[in-house]
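I need the structure of the sequence given here:
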Amino acid sequence: MPVTIHPTAIVHPNALLGEDVSVGPYAIIEEDVVLGDRCRVDAAAQIKRYTTLGADNHIHSMACVGGEPQDLKFRGEKTTLVIGDHNRIREFSTIHRGTEGGGGVTRIGSGNLIMAYAHIAHDCQVGDNNVFSNAATLAGHVVVGNYAVMGGLSAAHQFVRIGDYAFIGGKSGVAQDVPPFMLAVGERATLHGLNLVGLRRHGFSAEEITALKAAYRILWRSHKERTEALQQVETEFGHIAPVMELLRFLRESTRGTITPERL
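Numbers count the residues shown, from 1 in each chain. Alright, predicted model coming up:
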């Protein structure tokens, strides 16, 4: 299928557009941009320089994808934004490319829903099938796994990690790592147990959920020293894959993880 470009759109001649790409009125696509097959760019959206998108992405009106990072150290160097396939980037959302000091690449996976007014800052590394609700914000260098959900008006501090299948409630501020499979809520987010709804929706077995519940109690409610608690969980539930993923995440955390509110 041929590319369709509205007469009022501005597409740089050095931009590379795949088959069946659609560009709406007043959209702007700068040089050094690559759009995969069947991408759709709606009215007045902007795809900035050094941005690469895979196939079947939909950029809605007024979104700005690939803008320069909001970093005082940035001096105009060539850095990139790389986006996978099948992402929906809604109205007025912003995604910035990387910085030299942060590795030079902001990376978004596939199948993500990025709702209106959401912001993904420089050097973030985002996996697949995540949901960023309206006005959710990632500061620079944030790492997000897969199948995580950020509620509306929530915000993650720079260098935070958010694990697979985590759920962050609306209007929550995340200052430390959020372990996978967990529910985090609050003005300064704290743990509120497992993301049970999300785990069940994604087909986790009763055995896996039961093991994760037990691991949560040992790690955060038993008052054991962290090393001892980690070892106990591994000894009792080391045969359960999600539990081992939880332990791996905790052991690799350098920023520290959020915890439950004190009883």
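
Return the set of buried residues in stretch 26-37.
Tyr26, Ala27, Ile28, Ile29, Glu30, Asp32, Val33, Val34, Leu35, Gly36 (16 or more other CB atoms under 10 Å). C-beta: built from backbone N, CA, C; applies to glycine.

If the fourth one is in a bridge, with which residues?
Going by DSSP bridges, Ile29 is paired in beta bridges with Val11, Ile47.

still on that earlier bit, need the buried residues of stretch 26-37 in JSON lines with distance to Asp71 and pLDDT, can you?
Formatted as JSON lines, these follow (distance: CB to CB, whole Å; pLDDT from 0 to 100):
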{"residue": "Tyr26", "distance to Asp71": "29", "pLDDT": "98"}
{"residue": "Ala27", "distance to Asp71": "26", "pLDDT": "99"}
{"residue": "Ile28", "distance to Asp71": "23", "pLDDT": "98"}
{"residue": "Ile29", "distance to Asp71": "24", "pLDDT": "98"}
{"residue": "Glu30", "distance to Asp71": "20", "pLDDT": "98"}
{"residue": "Asp32", "distance to Asp71": "20", "pLDDT": "98"}
{"residue": "Val33", "distance to Asp71": "21", "pLDDT": "98"}
{"residue": "Val34", "distance to Asp71": "24", "pLDDT": "98"}
{"residue": "Leu35", "distance to Asp71": "26", "pLDDT": "98"}
{"residue": "Gly36", "distance to Asp71": "28", "pLDDT": "98"}
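
Give me the number of neighbouring residues for Gly101.
Using other CB atoms under 10 Å, Gly101 has 16 other residues around it.

which SS class is it?
Following DSSP: H, G, I helix; E, B strand; the rest coil, Gly101 is assigned to helix.

pretty sure it contacts Lys73?
Yes - contact criterion CB atoms under 8 Å: Gly101 and Lys73 qualify, at 6.1 Å.

how near is Leu153 to Cys64?
20 Å (CB to CB, to the nearest Å).

the more surrounded of these two?
The neighbour count for Leu153 versus Cys64, taken as other CB under 10 Å, is higher for Cys64 (19 against 16).

give me the beta-bridge partners of the residue most central in space within the chain?
Nearest to the geometric centre of the chain sits Val126, at 3.9 Å (CA atoms, centre = their mean). For Val126, the beta-bridge partners under DSSP bridges are Ile108, Val144.

what's near enough to touch it?
Arg107, Ile108, Gly109, Asn112, Ile120, Leu138, Val143, Val144 (CB atoms under 8 Å, 6 or more residues apart in numbering).

same thing with Val11?
Contacts of Val11 (CB under 8 Å, 6+ apart): Ile5, Leu17, Val23, Ala27, Ile28, Ile29.

Next: Gly109.
Taking CB under 8 Å, 6+ apart, one finds Gly84, Val126, Gly127, Asp128, Asn129, Asn130, Asn146 in contact with Gly109.

wait, isn't the fourth one in contact with Gly111?
Yes - with contacts defined as CB under 8 Å, Asp128 counts as touching Gly111 at a distance of 5.1 Å.

Common neighbours of these two, please.
With CB under 8 Å, 6+ apart, Asp128 and Gly111 have common neighbours Gly84.

List the contacts of the helix or strand encompassing Leu183.
Using DSSP states H and E, Leu183 falls within strand 182-185. Strand 182-185 is touched from outside by 163, 166-169, 172, 174, 178, 190-196, 216, 258, with contacts defined as CB under 8 Å, 6+ apart.

Which is the succeeding secondary structure element to that strand?
With DSSP H and E, the next secondary element past strand 182-185 is strand 190-194.

Can you show me the CA trace of the helix or strand following that next one as PDB?
Downstream of strand 190-194, the first helix or strand assigned by DSSP H and E is helix 196-201. Below are the C-alpha coordinates for helix 196-201, written out as PDB (Å, rounded to 0.1, in the frame of the first residue of the first chain):
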ATOM      1  CA  LEU A 196      -3.800  -9.600  42.500                       C
ATOM      2  CA  VAL A 197      -6.200  -8.400  39.900                       C
ATOM      3  CA  GLY A 198      -3.400  -8.000  37.400                       C
ATOM      4  CA  LEU A 199      -1.900 -11.400  38.200                       C
ATOM      5  CA  ARG A 200      -5.200 -13.200  37.800                       C
ATOM      6  CA  ARG A 201      -6.000 -11.400  34.500                       C
END
